[in-house]
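# Generate a structure from the sequence data that follows.
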Amino acid sequence: MNFSRFGSGKPVVIVHGLFGNLDNLKSVANALSHFREVICVDVRNHGDSPWAEDMEYENMAQDVIQLLDELKLDKVDLVGHSMGGKIVMSCALLYPDRINAVVAADIAPVTYTPHHGDVLQALANLDLHKVKNRSDALKQLLADGIDQGTAQFILKNMDFKTKPVSWKMNVQVLNREYGSITSWPFKGKSYDAPILFVKGELSDYLTREHRPEVLEQFPHAQVKIITNTSHWLHAEKPAIFNKLVCDFLKKEGL
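All right, here's what the predicted structure looks like:
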């Protein structure tokens, strides 16, 4: 995995969500770096990490563990948002002896109904040969019905230095493997160490209806809600989100 590493102290690994890269959670990474060593990663098929043929959570968890082995890190804390939250939960369930504590931001351990079809179709429709700069790409995405915020976020994974312009993310595999990304294959497993779920009040990714599934697999779960925020809670109210994450890891004495 491609990664950046900074700060000092006990290590924490930060994992971004779908269509993202290692810069997406930079604000909380910087906050944690005041008392922790921080490792931000690019998930497979995103950013500058290698492309792979699947997006299975078991394999993405193994990617993280292999990185820990390469860096000679025995145990770490994990922070993940959205798909990254599912990845860090997968690590905790499959490799509990390697994980001290987990923060999962606005995601639940459940299978979701697919809802990124419009984005995936827009990515497939985008004609890279007609893109000379960011503005060209943005116009195509907006014309395909993608909102401004989502389009700007997606374009962080476009490489404008290549000719023709290219995606850093593996659009073809993300489209094909979208069912794996929305799935949750770990029924029957549980993690008995601390985990904090942070919910955006206005988001439906983590709801009261998910409580049974959360407690079945994460019996020591804590939940914090950030008011007036959507799924992008870490970007909308970074100061509050950062404080919740930092306070949780400090409180656990990890």
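
# Who are the contact partners of V214?
A108, P109, F197, A221, V223 (CB atoms under 8 Å, 6 or more residues apart in numbering). (Glycine included, C-beta is placed from N, CA and C.)

# Any of these buried? List them.
If you count burial by 16 or more other CB atoms under 10 Å, the buried members of those come out as A108, P109, F197, A221.

# Make a markdown table out of those and add pLDDT and secondary structure.
Output for the buried ones among the contacts of V214, formatted as a markdown table (pLDDT from 0 to 100; DSSP: H, G, I helix; E, B strand; the rest coil):
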| residue | pLDDT | secondary structure |
| --- | --- | --- |
| A108 | 96 | coil |
| P109 | 97 | coil |
| F197 | 98 | strand |
| A221 | 96 | strand |
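
# Let me know the distance separating H81 from V131.
Between H81 and V131 the distance, using CB to CB, to the nearest Å, works out to 28 Å.

# Give me the more crowded residue out of these two.
H81 (31 against 20; other CB atoms under 10 Å).

# Tell me the bridge partners for that one.
Partner residues in beta bridges with H81, using DSSP bridges, are A105.

# wait, isn't it in contact with M89?
No. Judged on CB atoms under 8 Å, H81 makes no contact with M89 at a distance of 11.8 Å.

# For the stretch 101-250 of the chain, which segments count as helices?
For the stretch 101-250 of the chain, the helices defined by DSSP state H, counting those that start in this stretch cover 117-125, 134-143, 148-154, 171-176, 178-182, 211-217, 233-236, 238-251.

# quick one: which of the ones you listed is nearest G188?
For G188, the closest of these is helix 211-217, at 8.5 Å, according to CB to CB.

# Can you show me the CA trace of the closest one as CSV?
Output in CSV follows, covering the C-alpha atoms of helix 211-217 (Å, rounded to 0.1, in the frame of the first residue of the first chain):
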residue,chain,number,x,y,z
ARG,A,211,-27.8,-1.1,16.8
PRO,A,212,-28.3,-4.9,17.0
GLU,A,213,-25.7,-5.6,14.3
VAL,A,214,-23.2,-3.2,15.9
LEU,A,215,-23.5,-4.7,19.4
GLU,A,216,-23.5,-8.3,18.1
GLN,A,217,-20.1,-7.8,16.6
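
# distance between that helix and the chain's centre?
Relative to its chain's centre, helix 211-217 lies at 20 Å (CA atoms, centre = their mean, to the nearest Å).

# Okay, buried residues for it please.
Within helix 211-217, judged by 16+ other CB under 10 Å, the buried ones are V214, Q217.

# V43 reaches H16, doesn't it?
Yes. V43 lies in contact with H16 (CB under 8 Å); the separation is 6.4 Å.
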